[in-house]
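Colleague: Predicted model, plus sequence, below.
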Amino acid sequence: MSDKEPTPEAATEARTYTNPVYQGYFADPFVWKHEGVYYAIGTGAKEAEGQVDEIAAKRVFPLLRSDDFITWQNAGRAMVRPDPALGDNFWAPEVAYCNGKFYLYYSVGHEDKDHQLRVAISDEPLGPYQDVGEPVLDPSVYPFAIDPHPFCDRDGQWYLFYARDFLDADGGVRAGTALMVDRLETMTKLAGEGVVVLRARSDWQRFLANRPMYAGIYDWHTLEGPCVRFHAGRYYCFYSGGRWETENYGVDYGVADSVLGPYSDAGNEGGPRVLRSVPGRVLGPGHNSIIEGLDGETEYIIYHAWGTDMSARQMFLDKLVWTPDGPRCNGPTYTPQTVVGQ
């Protein structure tokens, strides 16, 4: 794991890659490894924009696969399209493997409203995934819930982190989308004991000033895309803040001694500490997942970012570095990088 030093044998072979590692549109990338093969699932251009063509009418969420971690091939689409009445915007899928089944968590809705969390199941990593037929959260109570992230703690208990809207602004927090966590009773049912993980409290996390929302006008802030890692006895909840379609978007984190918190992201007042734009090169890096590389020890942060023309969100990967001041990344990189493998 991340606390180990690479073995001499693992350090003998290095391969080179250059970001983006996949040239097509591939937002919100989630990467996992199963039986020696790396898989990636993400939000495609059609899903992001709510467009339905002949392919998207049947299957949603693009898939990639890789045997070497740096060369990625198109592997089709993951999920059989559920009831069209749910909406045409499908966002931020993530996959968990438990007891021989693959569980695909995602949100679906209509543009920036009426988004609900759902789950689909498959016997194989590439699907087809079938929706279970009901939402994970009651949409009448939570009309906008996105970015589900399943996390398995060291004792085998699963939790679901996600983002939802808050309208209050008491105690220094800002109105907007922010992070929650709840225990999973089963892989398809929450315990109903959700607790707040993090709320927006800094200017760099602003999505839009004077935004019309819920019959009011708000200075709207956004925390989204949670991704949790246990390291050196503490829980780190990575998240993306700001407005996803601008260069101000970036990745920061909160830290806690318990999976349910309380979490603190103190120290980020000057901006995101893990990933931020490189002006003129890479813009708006965000919505990350984390996975070990080929040596089974070096950790990498997988994320999307815009090129300078802002035409597409593409998949990037860079090393995650644990420093005395917390997790940092050596990216976004845009020149050749080495990855140690076996």
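Modeller: Alright, I've got the coordinates. Numbers count the residues shown, from 1 in each chain.

Colleague: any low-confidence regions in this structure?
Modeller: By pLDDT under 70, the low-scoring segments of the chain are 1-13, 112, 342.

Colleague: try 50
Modeller: Scanning the chain with the threshold set as pLDDT under 50 gives 1-12.

Colleague: which stretches of it form helices?
Modeller: When secondary structure is read from DSSP state H, the chain shows helices at 45-49.

Colleague: remind me, longest strand of this structure?
Modeller: Criterion DSSP state E: the longest strand present in the chain is strand 216-231.

Colleague: so how far is it off the chain centroid?
Modeller: The chain centroid and the centroid of strand 216-231 are separated by 11 Å under Cα atoms, centre = their mean, to the nearest Å.

Colleague: Check which helices and strands it is in contact with.
Modeller: strand 145-152, strand 158-166, strand 176-186, strand 206-213, strand 234-241, strand 283-292 (3 or more Cβ pairs under 8 Å, 6 or more residues apart in numbering; DSSP states H and E). No exception for glycine: its C-beta is placed from N, CA and C like everyone else's.

Colleague: mind putting those strands in TSV, distance to Gly225 and mean neighbour count included?
Modeller: Shown next, in TSV, are the helices and strands packed on strand 216-231 (distance: least, Cβ to Cβ, whole Å; neighbours: other Cβ atoms under 10 Å):
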stretch	distance to Gly225	mean neighbour count
strand 145-152	5	23
strand 158-166	7	22
strand 176-186	9	20
strand 206-213	13	15
strand 234-241	4	25
strand 283-292	4	24
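
Colleague: Could you point out which of those strands sits nearest Arg273?
Modeller: Ranking the helices and strands packed on strand 216-231 by proximity to Arg273 (Cβ to Cβ) places strand 234-241 first, at 10.2 Å.

Colleague: Who are the packing partners of that closest one?
Modeller: For strand 234-241, the packing partners by 3+ Cβ pairs under 8 Å, 6+ apart come out as strand 195-198, strand 216-231, strand 250-256, strand 283-292, strand 326-329.

Colleague: how about the spatially closest residue to Tyr17 that is not a sequence neighbour, what does it touch?
Modeller: Among residues not flanking Tyr17 along the chain, Ile70 sits closest, at 3.9 Å (Cβ to Cβ, 6 or more residues apart in numbering). Counting by Cβ atoms under 8 Å, 6 or more residues apart in numbering, Ile70 makes contact with 15-17, 21, 317, 339.

Colleague: Ranking by neighbours, what's the top pick from the residues you listed?
Modeller: With neighbours taken as other Cβ atoms under 10 Å, the top of the contacts of Ile70 is Leu317, carrying 29 neighbours.

Colleague: picking up where we left off before, which one, of the helices and strands packed on strand 234-241, ends up nearest to Asp83?
Modeller: strand 216-231 (24.8 Å).

Colleague: For that closest one, which strands pair with it and how are they oriented?
Modeller: strand 176-186 (parallel), strand 206-213 (antiparallel), strand 234-241 (antiparallel) (DSSP bridges).

Colleague: any idea of the angle the last one forms with strand 283-292?
Modeller: Spelled out, that is strand 234-241. 150 degrees (axes from the mean of the first three to the mean of the last three Cα atoms, to 10 degrees).

Colleague: out of the strands paired with strand 216-231, nearest to Arg77?
Modeller: Comparing the strands paired with strand 216-231 by Cβ to Cβ, strand 234-241 comes nearest, at 24.2 Å.

Colleague: related to what we said a few turns ago, now tabulate the helices and strands packed on strand 234-241 in TSV and tack on distance to Pro82.
Modeller: TSV is the format used below for these (distance: least, Cβ to Cβ, whole Å):
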stretch	distance to Pro82
strand 195-198	28
strand 216-231	22
strand 250-256	30
strand 283-292	22
strand 326-329	35
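
Colleague: Compare the ones you listed and give me the one nearest Ser122.
Modeller: Closest to Ser122 of the helices and strands packed on strand 234-241 is strand 283-292 (Cβ to Cβ; 18.6 Å).

Colleague: Now the closest one - C-alpha only, CSV.
Modeller: Provided in CSV are the C-alpha atoms of strand 283-292 (Å, rounded to 0.1, in the frame of the first residue of the first chain):
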residue,chain,number,x,y,z
LEU,A,283,-7.5,23.7,-17.2
GLY,A,284,-10.0,22.7,-14.5
PRO,A,285,-8.6,19.3,-13.3
GLY,A,286,-11.0,17.5,-11.1
HIS,A,287,-13.4,14.6,-10.2
ASN,A,288,-10.7,12.1,-9.3
SER,A,289,-10.4,8.5,-8.3
ILE,A,290,-7.2,6.9,-6.8
ILE,A,291,-5.6,3.5,-7.5
GLU,A,292,-2.3,1.7,-7.1
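
Colleague: which strands and helices sit next to that strand?
Modeller: strand 27-34, strand 216-231, strand 234-241, strand 250-256, strand 299-306, strand 313-323.
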